[in-house]
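Student: quick one, what's the 3D model for this:
(one chain, ligands or ions: 1)
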Amino acid sequence: MSNHFPVNRELFDDVMVPNYSPSAVIPVRGLGSRVWDQQDREFIDFAGGIAVNCLGHCHPALVGALTEQANKIWHLSNVMTNEPALRLAKKLTDSTFADKVYFANSGAEANEGALKLARRWALENFGAEKSQIIAFKQGFHGRTFFTVTVGGQAAYSDGFGPKPGDIVHAEYNNLESVKALISDKTCAVVMEPLQGEGGIISPTDEFAKGVRELCNQHNALLVFDEVQTGVGRLGELYAYMGLGVTPDILTTAKALGGGFPIGAMITTTDIAKHLKVGTHGSTYGGNPLACAVAEAAFDTVNTPEVLNGVKAKAKLYVAGLNAINAKYNVFSEIRGKGLLIGAVLTDAYQGRAKEFLNAAMDEGVMTLVAGANIIRFAPSLVIPDEDIAEGLARFEKAVAKLAK
Ligand SMILES: *Cc1c(COP(=O)(O)O)cnc(C)c1O
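Tutor: Below you'll find the model as predicted:
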């Protein structure tokens with residue numbers, strides 16, 4: 001086979017399953033918070049590969065960990081354990097409420113493990129009747145059939161035949177709606193401690209604490225999906241730390257590997273014991289390459305400098321976006337926490353978030369959306385302040401083009 005064919009966006013339509021609709025831009029390299037495409041056009045990265053590249057592109061600590069491990073051992077499967085997985089698990093448990101770790105390869109798989117564990121825990125402790133899972137409308141937990149059904153958008157789970165059962169959805173930030181559903185037959189309440197895909201919605205203190213209390217009253221597990229909020233994104237190692245509400249099971253992925261695929265579910269010894277030998281598993285879970293990179297990312301992020309930096313950089317974004325809005329009046333609200341920020345379009349611009357994203361791309365800055373009305377920013381946690389300023393200047397040009 002020769003490689004003499006054009007590798008461009010048209011090739012995508014020829015050879016890829018059409019479930020994505022990627023940008024025309026094909027990035028080929030990155031450094032820090034800058035990215036270059038095939039034509040060597042430069043972009044500032046405010047998207048972070050959807051809240052994944054927590055240390056930007058080609059961070060020396062991650063490149064070092066990956067290349068060092070690449071010259072040692074790549075894969076073993078879980079027939080054997082390995083040093084990077086053990087070291088990462090030790091660090092995750094030392095730094096959180098959890099005692100035990102299960103490694104997966106993605107957020108959805110970490111959640112799949114959490115949901116299966118919650119069901120088994122309930123079944124073995126209380127019997128088969130206790131199987132109800134309460135999740136939230138607009139919630140997002142991944143695209144396996146179990147996780148997409150737990151997710152709060154039927155549009156994503158419809159059209160695939162019979163769904164996993166006994167899953168109901170309450171309203172986020174509405175404790176009464178949880179109260180109306182929860183009972184002693186509830187095995188778990190699954191929530192994001194800030195809804196990401198659903199629109200960058202922070203829980204109120206009262207809601208988060210109230211859900212914890214309801215779980216306690218009904219012997220239900222509280223599962224926090226921290227796939228997007230975890231590993232420093234909101235300015236704490238995990239969002240639960242800032243909320244002062246401790247879950248029973250927590251899932252983490254996206255930023256965990258800083259761009260290398262990995263996910264994890266963490267929990268207490270007492271709950272973990274229900275996933276005994278043979279009950280669950282993954283060929284790649286805990287892969288040495290993934291764990292070596294994740295360990296380096298974890299060590300780098302879990303420092304006061306980086307975590308305090310997130311809070312300081314968040315202020316730059318909010319101030320910059322407010323200044324843009326003072327001129328163009330396109331946003332009704334700038335919301336979120338840490339470096340997970342949503343700029344909500346006013347009524348006059350309803351449904352046009354993707355147009356803002358495309359215009360920003362044309363000006364040389366990569367952003368994200370969260371639904372049709374919110375432009376989302378999830379940059380590197382160590383993005384240089386100059387890149388924030390330059391990226392916001394480019395973003396302002398895009399806004400100026402679209403503003404009436
Ligand atoms: C992205 C995301 C997931 C899914 O993660 P994948 O790695 O795409 O499977 C699950 N939960 C939340 C909160 C997410 O943001």
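
Student: give me every residue that touches the residue in the stretch 101-250 of the chain positioned nearest to the ligand.
Tutor: Minimum separation of the stretch 101-250 of the chain from the ligand (Cβ to the nearest ligand atom) falls at Gly107, amounting to 2.2 Å. For every residue, glycine as well, the C-beta is placed using N, CA and C. By Cβ atoms under 8 Å, 6 or more residues apart in numbering, the contact list for Gly107 reads His141, Gly142, Asp225, Val227, Gln228, Thr251, Ala253, Lys254, Gly263.

Student: again, but for Cys187
Tutor: So Cys187 contacts Ala118, Arg119, Trp121, Ala122, Leu123, Phe126, Lys130, Ser131, Gln132, Ile133, Ala220, Leu221 (Cβ under 8 Å, 6+ apart).

Student: name the element the second one belongs to?
Tutor: What that stands for is Arg119. For Arg119, the element it lies in under DSSP states H and E is helix 107-126.

Student: sort out which residues of that helix are buried, please.
Tutor: Buried residues in helix 107-126, counted by 16 or more other Cβ atoms under 10 Å: 107-122.

Student: what's the answer for stretch 278-298, then?
Tutor: By 16+ other Cβ under 10 Å, the buried positions in stretch 278-298 come out as 280, 282, 284-298.

Student: for the residue of the stretch 251-400 of the chain found nearest the ligand, grab phi and psi.
Tutor: With Cβ to the nearest ligand atom as the measure, Ala253 is the residue of the stretch 251-400 of the chain nearest to the ligand, at 4.8 Å. Reported as degrees, to the nearest 10, the phi and psi values for Ala253 are phi -160, psi -120.

Student: which residues touch the spatially closest residue to Lys179 that is not a sequence neighbour?
Tutor: Spatial nearest neighbour of Lys179, chain neighbours left out: Leu214 (6.5 Å); criterion: Cβ to Cβ, 6 or more residues apart in numbering. Contact analysis of Leu214 by Cβ under 8 Å, 6+ apart lists Leu175, Val178, Lys179, Ile182, Val189, Ala220.

Student: ok, the second one to Asn325 distance?
Tutor: In this case it means Val178. 34 Å (Cβ to Cβ, to the nearest Å).

Student: who has more neighbours, these two?
Tutor: Taking neighbours as other Cβ atoms under 10 Å, Val178 and Asn325 compare with Val178 leading, 21 against 18.

Student: any idea of the pLDDT on that one?
Tutor: Per-residue pLDDT puts Val178 at 98.

Student: so which strand or helix has it?
Tutor: Short version, using DSSP H and E: Val178 is in helix 175-181.

Student: one more: Lys130?
Tutor: Using DSSP H and E, Lys130 sits in no helix or strand.

Student: state the distance from it to His169.
Tutor: Distance of Lys130 to His169, given as Cβ to Cβ: 19 Å.

Student: which of the two has more residues huddled nearby?
Tutor: Neighbours were counted for Lys130 and for His169 using other Cβ under 10 Å; Lys130 has more, 23 against 19.

Student: I'd say that one and Ile182 touch.
Tutor: No - applying Cβ atoms under 8 Å as the test, Lys130 and Ile182 come out as separate, 11.7 Å apart.

Student: which parts of the stretch 101-250 of the chain sit against the ligand?
Tutor: 106-108, 111, 140-142, 192, 196-197, 225, 227-228 (Cβ under 6 Å from any ligand atom).

Student: of all these, which two lie farthest apart?
Tutor: The largest separation in these, counting by Cβ to Cβ, is between Ser106 and Glu192 at 15.8 Å.
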